[in-house]
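Trainee: Have a look at this prediction, sequence included:
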Amino acid sequence: MTKVDPSLYLSNYQTERKTGSDILGKDDFLKILMTQLQNQDPMNPMEDKDFIAQMATFSSLEQMTNMNKTLEKFVNSQSGELLLKYSSMIGKEVEYSYKDTDANGDEVTKTGSGVVKSISQKSDFIQLELEDGTTIYNDEIIKVSEPSSKP
């Protein structure tokens, strides 16, 4: 019976460390196109339809790049608006409910209420800090009202 040489195992395979970007941009596309035009066979030049197809591809690439930049700007502007939206809750009384696990590992629903002291943004979530020090997330709020005055 033949044995497999251990040096051939995939776990022993060392991958090359890559540097730079794996993404081709519009500058790379133009360099490739210019090199192709410079090195084409003079007896069999590129046909017009091939050149037009490559230019259409370039145009499409440029439009997608511009659209991506515009969408990134839009998303970034929306995150600031979300924080501004929730800032109107400062000083309001909120009731909240969230799922947690108890000491036995069972899922329990915890509820509470308090007055919002501050708002902060953590990644894609808005955190509300209540006056008693409790921190809750915006998706845990079930009711918002004016604070009740206690005699």
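Mentor: Received the coordinates, thanks.
Trainee: From the contact counts, what lies against the longest helix seen in the chain?
Mentor: In terms of residue count, the longest helix belonging to the chain (DSSP state H) is helix 48-87. Under the contact criterion of 3 or more CB pairs under 8 Å, 6 or more residues apart in numbering; DSSP states H and E, helix 48-87 touches helix 26-38, strand 107-122, strand 125-130. For glycine as for every other residue, the C-beta is placed from the backbone atoms N, C-alpha and C.
Trainee: Mind checking what helix or strand follows that helix in sequence?
Mentor: Next helix or strand after helix 48-87 toward the C-terminus (DSSP states H and E): strand 93-101.
Trainee: That next one pairs with which strands?
Mentor: strand 107-122 (antiparallel), strand 141-145 (antiparallel) (DSSP bridges).
Trainee: How far off centre is the shortest one?
Mentor: Using CA atoms, centre = their mean, to the nearest Å, the distance from the centre of strand 141-145 to the centre of the chain it belongs to is 28 Å.
Trainee: Fine by me, thanks again.
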